[in-house]
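In: When you get a sec, could you give me coordinates for this:
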Amino acid sequence: MALSIVAAALIATPVSAQVDVQASLSRDAVRVGETVELTVVVTGAMLGVDAPRVPRIDYLAVTSTASSTNIEFVDGDMRRTTVFSYELRASREGTYTIPPMTVPIGNESYTTRALSLRVEPPATTTPVPPDGSAADRDLPEFEETDEPDQQPDEPPGEIDAVTEVDNRSPWVGEQVTLTLKFLQAHTLRLMGNAEYEPPSTEGLVAEPLPEEPQRSTTIDGISYEVATRKTSLIAPAPGEYTIGPATITFRRGFTQGEETIRTDPITINARPLPASGRPDDFSGAVGSIQLGMSLATNEVRVGEAASLRLEISGTGDLRQIAPPTVQVEGDASVYQSGEDRQIGPRETADGYKIGGRVTFDYLIMPRSPGQLRLKPIVVHYFNPKVERYQSAQTSPATVTVHPGEAGATVAETNGSELRYIRESGLALKARAPVTSRGWFWLLQGLPLVGLAWALRERSERMRRERDPRYRRRVEAARHARRALSVIDLSVAAPEVYHQVDEVLAEYIAARTGGSAAAIAPDVAAERLLEEGAGEELATRVRDLLSRLRAGAYAPGASGAPAPSEALDEARALIDAAEGALR
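Out: Coordinates of the predicted model:
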């Protein structure tokens, strides 16, 4: 009976605390061109939390994203908080409503409240083109300067535009800066403002860079006003990419029709990263980075945790960096407890570059007294300036572990208190003892089976709560199947390919350990082979990822499957991988 009560108590233990999801804006009002931070905070969720998708809102562009996770232990209970941050840039005045966002958590979905943002006119009012992108705003007032500009090969007309890139043969993952210059002679007066349509950058990861102030220059004795717009472009895979023409539409007067000028298209050829010298644990980071480590304390007791923070900073697409492995010599376990990525344009000596800061938090849990030695942590990256692989690493560190407080002891017993009744009557001799019956032992065993099952479930639940990597691995298939089931086939085919690609890449990253951002088709095949999947399965995964990315980044490319076929293939590959990786 006692065993049954214990089993019932264990089974009734709640899996997670109450979940709370809140959304907020850093301020209620901004001016045109300014940014506001949208934050979604999830507390109390022990299972995996998927990032909410910000709905598309005209004239509100998402310019950067970040996320962080923090795990605390309060009075023996684990409390997890996940924060998603989105930077929004407003390009037209008005009042905007950000509709409720859905946050998937485990098998359930939670909805945030709607938010309202008021966008006021800029200090110097400038009309905005209908498409509302930040880079498309009409040109502001020029700042006068006597500095001569670099003159083009052919003198411009009264109004002209030109686009150029700083590198036509970048490495995969290396930033290319696209520059558009719009020139208008001081003697030319237009009716209204010129309308600007940015160049297409299909297949490239594009991110607008901060706008430069307009200026004046003199070319062949003619004074011009020059507006400059710059965009960061990153090629996610080797191959040839075409940057389409930018279009400027304007009208000289009421009696004259619209005129259009277009820039010349530009072709860039992205080179694959060299195989020579590539480290085995290279995760795809391209740029220049620095690595720092800090320990909250160098002395702990058994049962306490030592907090470690790893900070990676520099230039490059730091979204490609996977959490480094922390190795400890000694009797201890290491768990990743948090992650924060702040990525966006940053000013350098060579102009604005994409970069920022990524922090990873770890908990080191000692199991016995002694010395723990943290091995140097190494992060490899490819530096396009010197065209070779480099690494950043931390120094070794030591943590002293003191004995913890004395634990409870189990009281000893003198043995069994059972006493057998001496057979002295006919009835006792005629009836076999109940312990000789099979059903008796079956009933006795049921509570034990229930207890064993409850202990196993509780152990599994606690392991998932303590070890985010283990939880991510064992729940990968369930999350992937659920994500595939909600993909809407009625949207444009490139969007379907992009969503299926994200789901499949995240599944492979979760099953093999790493970051989904680093899962290129070849990397996916290599990791599956290392985990024991067959060559046929690895090849099928690589081919599907290649076709999905061709369809997502180059619409109309040959080889892209139909959207419904892409979903079916992804489901089949996940089922096959689950059988092969058990």
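
In: Would you map the helices across the protein?
Out: Ranges of helices within the chain are 2-11, 426-430, 438-466, 468-474, 476-485, 493-512, 521-530, 535-553, 563-580, based on DSSP state H.

In: Tell me which of those helices is the most buried.
Out: helix 493-512 (a mean of 22; mean count of other CB atoms under 10 Å). For the C-beta atoms, the positions are set from N, CA and C on the backbone; glycine is no exception.

In: what residues are up against residue 102?
Out: Contact analysis of residue 102 by CB atoms under 8 Å, 6 or more residues apart in numbering lists 52-53, 109-111.

In: okay, it: pLDDT?
Out: We note a pLDDT of 86 for residue 102 in this prediction.

In: Tell me how far it lies from residue 158.
Out: Computed as CB to CB, to the nearest Å, the residue 102 to residue 158 distance reads 52 Å.

In: Farthest pair within the contacts of residue 102?
Out: 53 and 110 (13.6 Å; CB to CB).

In: Which of these two has more residues huddled nearby?
Out: Between residue 53 and residue 110, counted using other CB atoms under 10 Å, residue 110 has the larger neighbour count: 19 against 11.

In: still on that earlier bit, nearest to residue 388 among the helices of the chain would be which one?
Out: Short answer: helix 521-530, nearest of the helices of the chain by CB to CB, at 19.7 Å.

In: and that closest one with helix 493-512, angle?
Out: 30 degrees (axes from the mean of the first three to the mean of the last three CA atoms, to 10 degrees).

In: Which neighbouring elements make contact with helix 521-530?
Out: Contacting helix 521-530 under the criterion 3 or more CB pairs under 8 Å, 6 or more residues apart in numbering; DSSP states H and E are the following elements: helix 493-512, helix 535-553.

In: all strands of the stretch 151-300 of the chain, in order?
Out: Secondary structure of the stretch 151-300 of the chain (DSSP state E, counting those that start in this stretch): strands located at 159-165, 175-185, 195-197, 205-208, 214-219, 222-234, 239-243, 247-251, 258-262, 266-270, 287-295, 299-301.

In: out of these, nearest to residue 500?
Out: strand 205-208 (18.3 Å).

In: next one: the closest one to chain centre, how far?
Out: 16 Å (CA atoms, centre = their mean, to the nearest Å).

In: and if you look at stretch 328-337?
Out: 25 Å.

In: what's around the nearest residue to residue 100 once chain neighbours are set aside, how many residues?
Out: Counting by CB to CB, 6 or more residues apart in numbering, residue 100 lies nearest to residue 111, which is 4.8 Å off, once chain neighbours are set aside. When neighbours are counted by other CB under 10 Å, residue 111 registers 13.

In: where does residue 111 land on pLDDT?
Out: 87.

In: I'd assumed residue 101 was in contact with it.
Out: Yes - under the contact definition of CB atoms under 8 Å, residue 111 touches residue 101, with a separation of 7.2 Å.

In: where does the stretch 301-450 of the chain have low pLDDT?
Out: 405-436 (pLDDT under 70).

In: my guess is residue 290 meets residue 315, correct?
Out: No - counting by CB under 8 Å, residue 290 does not reach residue 315; the two are 10.1 Å apart.

In: Pull stretch 353-368 out as PDB, backbone CA atoms only.
Out: Extracted in PDB, the C-alpha atoms of stretch 353-368 (Å, rounded to 0.1, in the frame of the first residue of the first chain):
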ATOM      1  CA  LYS A 353      30.400  45.600 -41.000                       C
ATOM      2  CA  ILE A 354      27.900  43.000 -39.700                       C
ATOM      3  CA  GLY A 355      29.100  41.800 -36.300                       C
ATOM      4  CA  GLY A 356      28.300  42.000 -32.700                       C
ATOM      5  CA  ARG A 357      28.500  39.900 -29.600                       C
ATOM      6  CA  VAL A 358      27.400  36.300 -28.700                       C
ATOM      7  CA  THR A 359      27.400  35.000 -25.100                       C
ATOM      8  CA  PHE A 360      27.000  31.400 -23.900                       C
ATOM      9  CA  ASP A 361      26.300  30.600 -20.300                       C
ATOM     10  CA  TYR A 362      27.200  27.300 -18.700                       C
ATOM     11  CA  LEU A 363      26.700  25.600 -15.300                       C
ATOM     12  CA  ILE A 364      29.500  23.400 -13.900                       C
ATOM     13  CA  MET A 365      28.100  20.900 -11.300                       C
ATOM     14  CA  PRO A 366      30.800  19.200  -9.300                       C
ATOM     15  CA  ARG A 367      30.100  15.800  -7.800                       C
ATOM     16  CA  SER A 368      33.000  15.300  -5.400                       C
END
